[in-house]
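Visitor: Sequence first, then the predicted structure, then my questions.
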Amino acid sequence: MGCGRGHNMREALSLELADGQKWKIMADGNAGDFVVKMASILQLKRCEKGAGRNLIITRNGGREDAPVLNHTLPCESLPETGWSQQDFIEVWCWRHHDVADIICDIGDEDSPEVEFSKMRFLLFLIYQQVQETGGLPLHAALLERNGRGVVISAPGGTGKSTCCLRIPLPWRALCDDETMIVRGKGAEFITHPFPTWSWFLSGRSAGTWDVQKQIPLEAIFFLEQSAVDEVVPLGDGEAAAMLTKAIAEFWEFLWIAHYGNGRIPFRARVFENACGLAKAVPAYRLKASLVGRFWEKMEEVLGETGFAELV
């Protein structure tokens, strides 16, 4: 029987995505402060009822064979064998075919910077599940205008954050580094803003992101630095190739650290999802200068795809 089904739901924090995924994040033992801090950054609320997969976070310093809970939360006895472990760099996660929940050991107390890094690693469990259902995470900024969204994808240091700072109202920048794209209930793709973890790791003042906010995706822009502002449409094949590269850059260090021989089917899944997104959502090269009005070039093509003013 799965561990955690008898938990008091007042101790659970809910995270729900537009593809129907529902997660409950719980603290075991002395991991409470960590979970509260993470919930604040992600703007999560306490969950009173409803279904969801439990993500139980504990601090026991890591185990080689099986997880150990401090039983602050009531649960069934855990199986002694049959666990599979996934190592997310100082975060140890266990799954078991007879246990519905995922148990994650974040180790001993750390500096704030290390704790923030572990929070990001924990989210990769959710990213993995999103990818299994046709979605994908991107190093991308998410911009919203009149209830519709676009993503600007580019490697770090290319100018995503600068674009977010420069773009005027009625545009709003919801995040500038990590965006989750999931499949909606129909053919539509939906975006969720996720934190800029480098803010915390570099000691910059903290921020919060409403990761459960749902913004329909209207277009994808691949940013390039340029002396002039220009938007160039991409064909489905070129867009799929660029998306695959962008997703690969997002996952690269985890492929090296964990997947090993499993990288081949994982990459195949990445390519399949990229093709599905490229067919459904128009993509463009965005050539942006430091002083021009690049957003006007975006608005020109978005007007052609139904990105109209909403009253």
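Guide: Looks like it arrived, so ask away. Numbers count the residues shown, from 1 in each chain.
Visitor: how much space between the most centrally placed residue in the chain and V36?
Guide: With distances taken as C-alpha atoms, centre = their mean, M180 lies nearest the centre of the chain, 4.5 Å away. Applying C-beta to C-beta, to the nearest Å, the value for M180 to V36 is 22 Å. C-beta: built from backbone N, CA, C; applies to glycine.
Visitor: what packs against the helix or strand that contains the residue nearest to the centre of the chain?
Guide: Using DSSP states H and E, M180 falls within strand 178-183. Judged by 3 or more C-beta pairs under 8 Å, 6 or more residues apart in numbering; DSSP states H and E, the packing partners of strand 178-183 are helix 112-132, strand 136-145, strand 189-194.
Visitor: so which of those comes closest to S202?
Guide: Ranking the helices and strands packed on strand 178-183 by proximity to S202 (C-beta to C-beta) places helix 112-132 first, at 8.5 Å.
Visitor: which SSE is A248 in?
Guide: Assigned by DSSP H and E, A248 falls within helix 236-254.
Visitor: now that helix: how far from the chain's centre is it?
Guide: From the chain centre to the centre of helix 236-254 is a distance of 15 Å (C-alpha atoms, centre = their mean, to the nearest Å).
Visitor: Let me see the contact set for S153.
Guide: Counting by C-beta atoms under 8 Å, 6 or more residues apart in numbering, S153 touches 138-140, 160, 220-223, 242-243, 246.
Visitor: For the nearest residue to it once chain neighbours are set aside, which residues are in contact?
Guide: Sequence neighbours aside, A140 is the residue nearest to S153 in space, at 4.1 Å (criterion: C-beta to C-beta, 6 or more residues apart in numbering). If a contact means C-beta under 8 Å, 6+ apart, then A140 has 151-154, 160, 177-179, 246 as its contacts.
Visitor: 7 Å instead?
Guide: By C-beta atoms under 7 Å, 6 or more residues apart in numbering, A140 lies in contact with 151-153, 179.
Visitor: From L290, how far off is it?
Guide: From A140 over to L290 the distance is 20 Å, taken as C-beta to C-beta.
Visitor: Quick one: mean pLDDT over stretch 93-112.
Guide: Averaged over stretch 93-112, pLDDT sits at 86.
Visitor: Give the buried residues for it.
Guide: 93-96, 99, 101-106 (16 or more other C-beta atoms under 10 Å).
Visitor: now it: how far from the chain's centre is it?
Guide: For stretch 93-112, the distance to the chain centre is 18 Å (C-alpha atoms, centre = their mean).
Visitor: same check, this time on stretch 288-295
Guide: 28 Å.
Visitor: One more: stretch 291-306?
Guide: Worked out by C-alpha atoms, centre = their mean, stretch 291-306 lies 26 Å from the chain centre.
Visitor: Pull it out as CSV, backbone CA atoms only.
Guide: Extracted in CSV, the C-alpha atoms of stretch 291-306 (Å, rounded to 0.1, in the frame of the first residue of the first chain):
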residue,chain,number,x,y,z
VAL,A,291,17.9,50.0,-28.4
GLY,A,292,15.1,49.1,-30.9
ARG,A,293,11.5,48.2,-30.3
PHE,A,294,11.6,44.5,-30.9
TRP,A,295,8.2,43.9,-29.4
GLU,A,296,6.6,45.8,-32.3
LYS,A,297,8.0,43.2,-34.7
MET,A,298,6.6,40.5,-32.5
GLU,A,299,3.2,42.2,-32.5
GLU,A,300,3.1,42.4,-36.3
VAL,A,301,3.3,38.6,-36.6
LEU,A,302,1.2,37.9,-33.6
GLY,A,303,-1.6,40.0,-35.1
GLU,A,304,-1.6,37.6,-38.0
THR,A,305,-2.0,34.6,-35.7
GLY,A,306,-5.0,35.9,-33.7
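Visitor: Check which element follows the helix holding A248 along the chain.
Guide: Immediately after helix 236-254, counting by DSSP H and E, sits helix 263-280.
Visitor: and the angle from that following helix to strand 189-194?
Guide: 120 degrees (axes from the mean of the first three to the mean of the last three C-alpha atoms, to 10 degrees).
Visitor: Show me what helix 263-280 is packed up against.
Guide: Using 3 or more C-beta pairs under 7 Å, 6 or more residues apart in numbering; DSSP states H and E as the contact test, the elements touching helix 263-280 are strand 136-145, helix 236-254.
Visitor: For A18, find the nearest of these.
Guide: strand 136-145 (13.2 Å).
Visitor: Only C-alpha atoms, please: export the next helix or strand after that closest one in CSV.
Guide: Scanning forward in sequence from strand 136-145 by DSSP H and E, the next helix or strand is strand 148-153. Taking C-alpha atoms only, strand 148-153 is exported to CSV below (Å, rounded to 0.1, in the frame of the first residue of the first chain):
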residue,chain,number,x,y,z
ARG,A,148,-2.1,35.1,-24.0
GLY,A,149,1.5,34.2,-23.8
VAL,A,150,4.7,33.9,-25.8
VAL,A,151,8.0,32.3,-24.8
ILE,A,152,11.5,33.7,-25.7
SER,A,153,14.0,30.9,-25.7
